[in-house]
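[1] Dropping the sequence and predicted coords here.
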Amino acid sequence: MPLDLTGDDVTNRDLLGRVTLPLTGWTARLHHPDRLVLDPGGGSPLTYSLLGSAAPEQLLLRAHHVRLGRAFGPAGIDTVTLAYGVTGGGPAEPLFLRHRPWRPARVHEARPVTLSGRVWLAELPGHFDEVRVTADGHTAVRLV
């Protein structure tokens, strides 16, 4: 990590919060109230500029399929679906959907982790096709 002459950690200056997700191992950091940094560990970090106030278009920033280095669980899960976004003030309620031909979609609720009361992150084991999030009367949908 780069250090300045005072010995401060430049990459964590003005750090408001940090969380490491249990399934993927990704680390999320919130700098000031306007910058989210996601570090997958071993790759290039993803950086998002956040608007000053929560906007419906930032309710669901992204969703990813993350391939794990080693399968876990009795079903041998090797993929985790990760989604994240900005919450206005109320709790975010993410739903992960898996579409199947000629059958109804399977819907799974996820319990999000909240970072500094501003950013939510949720992950579920498995390969999902769609993420829907509802918060403060707004709903956002993203195909994965």
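    Nice, thanks for sending it over.

[2] and Leu30, bridged to which residues?
    Gly17, Leu36 (DSSP bridges).

[3] contacting residues around it?
    Going by CB atoms under 8 Å, 6 or more residues apart in numbering, Leu30 touches Leu15, Leu16, Gly17, Arg18, Leu36, Val37, Leu115, Ser116, Arg118, Val119. For the C-beta atoms, the positions are set from N, CA and C on the backbone; glycine is no exception.

[4] In PyMOL, select just the buried ones from these.
    Selection of buried members from the contacts of Leu30 for PyMOL, criterion 16 or more other CB atoms under 10 Å:
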select buried, resi 36+37+115+118+119
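
[5] Pipe the contacts of Leu30 into JSON lines and attach pLDDT and distance to Arg70 per row.
    JSON lines is the format used below for the contacts of Leu30 (pLDDT from 0 to 100; distance: CB to CB, whole Å):
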{"residue": "Leu15", "pLDDT": "70", "distance to Arg70": "30"}
{"residue": "Leu16", "pLDDT": "72", "distance to Arg70": "33"}
{"residue": "Gly17", "pLDDT": "83", "distance to Arg70": "29"}
{"residue": "Arg18", "pLDDT": "89", "distance to Arg70": "25"}
{"residue": "Leu36", "pLDDT": "90", "distance to Arg70": "28"}
{"residue": "Val37", "pLDDT": "92", "distance to Arg70": "26"}
{"residue": "Leu115", "pLDDT": "88", "distance to Arg70": "27"}
{"residue": "Ser116", "pLDDT": "84", "distance to Arg70": "31"}
{"residue": "Arg118", "pLDDT": "85", "distance to Arg70": "33"}
{"residue": "Val119", "pLDDT": "89", "distance to Arg70": "28"}
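
[6] Any stretches of this protein with poor pLDDT?
    The chain contains residues with pLDDT under 70 at 1-14, 52-56, 72-75.

[7] And the strands in it?
    In the chain, the segments counted as strands under DSSP state E are 15-20, 27-31, 35-39, 46-49, 62-72, 77-86, 93-100, 103-109, 113-115, 119-125, 130-135, 138-143.

[8] just to revisit the earlier point, nearest to Ala83, of the contacts of Leu30?
    Nearest to Ala83 among these, counting by CB to CB, is Val119 at 11.6 Å.
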